[in-house]
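Student: sequence unavailable; structure follows:
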């Protein structure tokens, strides 16, 4: 991350941060913070820049997610989290959809207000251990039995990194159901434009004054750039050197980690 | 299946039959024969037509599969079965590939002769209950860790019908791994041309004198037609009325079941 060529960062007024792979590496043990990231969040806030977490996390309610992040030393609040489940609930209500949920047990409370009787769509999240053969067959049978199957996927990530290794993300299971039912899923979460727009609205800063910082070349960097934002890729989390040869997406800059990104951005102000 | 327009069937000398959905409906209970199919197999043999079963079955060795079919009343032998696992073993040997197997426990003996140490490819079959979150993650990690991931899929079916309902087939899981690893699987089994060519060689009849009979519009009918064969779709097994509007594949004829197909074909001879 050479500091030349960062002049565009002078206009920045707010940051959207991906969480897993940027603030911490998730894992069954609760995960571990990435060195310097908790301090970087404090420095962002002290600088007067606005901050919003823009995550595809669907293994917990926002309340539990924030509790976990705070225990890891991050000074964040529920209002600072934009996540797919609440966005999906808005969409379900708007369209009168009653979901069958194939999601993580800990996400279910986010759908407490939603009518789930006699389902007319399937909502797919990062169900992890709930991605069983039986549960996938059940979701499949519901979809294939619908006159016009509606599949809503909370993100479309390929995989993510946990402390004990890489894990298949919801996108892989989305593709399985898409293929089996010959249907195209509607994605709620990154990289959907509507989702980034919600995050920007909650950040309170227009796209051209915001920077997205993430470890996912397609869902974080590509998605944000499609919305008119600048976007940085960190070399932490699921980052792999081959990402730097991505055929379509080119970050505005690479940084070794969030701490370095914040160092450089604050120096421009 | 109006009998007019079947003149082309006069040239037939051999039949390739799909098994699940044509001879019987599979299921945890061993499955149930489709009415008239056992008698139809006997009539084919009595007529002097050659017969080969061309199946994507990967939940059992050919020996066990034939034992099950015989118990259901079908007069068939191991030599009359063309299945993906033996074809995959030939391919693995040709290319010096050492597979990690994500397959049904009962298929493993088909790979007894294959070196499976230090895997440099993944072979995916219809693993059914072995399609666990942990097993899929393991296969994914092996693939993503390879410089050039090699994924071999024993068929690419979307779903199949068992006695207790529709089940996701290997193709859905193939798509999940393809997407996660950004790789294209090599399919061994229907609808691969090479697989149909093996089946025709074992049948001992050239494509233009053979008819494929199956319930899968893409993998049976489309695949066989790509090889220059005629192909019939039965209205049993996974057949759905919407198959008759398939945008690309049109069977040479529809029949209600195998018994009707054999009736009509034998009348042409």
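Tutor: That came through, no problem. Keep in mind the model is a prediction, meaning the values are calculated, not measured.

Student: contact residues of chain A facing chain B?
Tutor: Listed as neighbours of chain B in chain A under the rule CB under 8 Å from any CB of the partner chain: A:128-129, A:131-133, A:136-137, A:140-141, A:144, A:158-159, A:165-169, A:171-173, A:175-182. Any C-beta I mention is one placed from the backbone N, CA and C, and that applies to glycine too.

Student: pull out the buried residues from these.
Tutor: Buried members of the residues of chain A next to chain B, scored by 16 or more other CB atoms under 10 Å in any protein chain shown, are A:128, A:131, A:133, A:136-137, A:140-141, A:144, A:158-159, A:166-169, A:171-173, A:175-181.

Student: in helices only, show me these.
Tutor: Secondary structure from DSSP state H places A:133, A:136-137, A:140-141, A:144, A:171-173, A:175-181 of these in helices.

Student: so who does the residue lying closest to residue A:5 once chain neighbours are set aside touch?
Tutor: Closest residue in space to residue A:5, ignoring its immediate chain neighbours: residue A:253 at 7.5 Å, by CB to CB, 6 or more residues apart in numbering or on different chains. For residue A:253, the contacting residues are A:1, A:5-6, A:232, A:264, by CB atoms under 8 Å, 6 or more residues apart in numbering or on different chains.

Student: could you do residue A:135 as well?
Tutor: Here residue A:135 is in contact with A:102, A:127 (criterion: CB under 8 Å, 6+ apart).

Student: count residues in the vicinity of the spatially closest residue to residue A:248 that is not a sequence neighbour, would you?
Tutor: Closest residue in space to residue A:248, ignoring its immediate chain neighbours: residue A:222 at 7.0 Å, by CB to CB, 6+ apart. Residue A:222 has 20 neighbouring residues, counting by other CB atoms under 10 Å in any protein chain shown.

Student: from what I can see residue A:222 touches residue A:251, true?
Tutor: No - Residue A:222 is beyond contact range of residue A:251, at 9.0 Å (criterion: CB atoms under 8 Å).

Student: find the residues that touch each one of the two.
Tutor: With CB under 8 Å, 6+ apart, residue A:222 and residue A:251 have common neighbours residue A:231.

Student: sorry, back to before: phi, psi of the residue nearest to residue A:5?
Tutor: Main-chain dihedrals, residue A:253, degrees, to the nearest 10: phi -160, psi 160.

Student: show me what it is bridged to.
Tutor: Beta-bridge pairing for residue A:253 (DSSP bridges): residue A:232.

Student: what's the pLDDT at it?
Tutor: Residue A:253 is assigned 96 on the pLDDT scale.

Student: what does stretch A:156-164 rub up against?
Tutor: A:20-21, A:25-29, A:31-32, A:56, A:126, A:166-172, A:174, A:185, A:187, A:189, A:191, A:216, A:219, A:237-238, B:140, B:144, B:179-182.

Student: what comes up buried for stretch A:53-69?
Tutor: A:53-62, A:65-66, A:68-69.

Student: got it, and stretch A:42-55?
Tutor: A:43-44, A:49-55.

Student: just to revisit the earlier point, just checking, which of the buried residues of stretch A:53-69 belong to strands?
Tutor: A:53-54 (DSSP state E).

Student: from the buried residues of stretch A:53-69, which is closest to chain B?
Tutor: Nearest to chain B among the buried residues of stretch A:53-69: residue A:59, at 12.7 Å, using CB to the nearest CB.

Student: wait, the closest one touches residue A:105, no?
Tutor: No - between residue A:59 and residue A:105 no contact is recorded; they are 9.1 Å apart, counting by CB under 8 Å.

Student: point to the helix or strand of chain A where mean pLDDT is at its lowest.
Tutor: Least confident helix or strand, chain A: strand A:159-162 with a mean of 87, by mean pLDDT, DSSP states H and E.

Student: distance check, residue A:163 against residue A:173.
Tutor: Residue A:163 is 22 Å from residue A:173, where distance means CB to CB, to the nearest Å.

Student: for residue A:58, same thing?
Tutor: Residue A:58 is 12 Å from residue A:173, by CB to CB.

Student: over to residue A:230?
Tutor: 31 Å.

Student: and the strands in the stretch 151-269 of chain A?
Tutor: Per DSSP state E, counting those that start in this stretch, the stretch 151-269 of chain A carries strands over the ranges A:151-154, A:159-162, A:165-168, A:186-188, A:210-214, A:230-234, A:253-255.

Student: so which bits of the second one are buried?
Tutor: Meaning strand A:159-162. A:159-162.

Student: just give me the closest of the residues you listed to residue A:84.
Tutor: Taking CB to CB as the measure, residue A:84 lies nearest residue A:160 of the buried residues of strand A:159-162, at 14.0 Å.

Student: domain parsing for chain A?
Tutor: As recorded under the TED database, the domains making up chain A are A:13-56+A:191-267, A:96-187.

Student: pLDDT score assigned to the residue nearest to residue A:248?
Tutor: pLDDT at residue A:222 comes out at 98.

Student: so who does residue A:117 touch?
Tutor: Counting by CB under 8 Å, 6+ apart, residue A:117 has contacts residue A:98.

Student: my error: substitute residue A:69 in the last question.
Tutor: Contacts of residue A:69 by CB under 8 Å, 6+ apart are A:19, A:23-24, A:76.

Student: per-residue pLDDT, residue A:3?
Tutor: 61.

Student: actually, residue A:121.
Tutor: pLDDT, read off for residue A:121, is 98.

Student: distance of it relative to chain B?
Tutor: 18 Å (CB to the nearest CB, to the nearest Å).

Student: now residue A:18
Tutor: Residue A:18 is 19 Å from chain B, where distance means CB to the nearest CB.

Student: mind listing what's buried in stretch A:7-20?
Tutor: Buried residues in stretch A:7-20, counted by 16+ other CB under 10 Å: A:9, A:12-20.

Student: start and end of it, how far apart?
Tutor: Length of stretch A:7-20, first residue to last, CA to CA, to the nearest Å: 28 Å.
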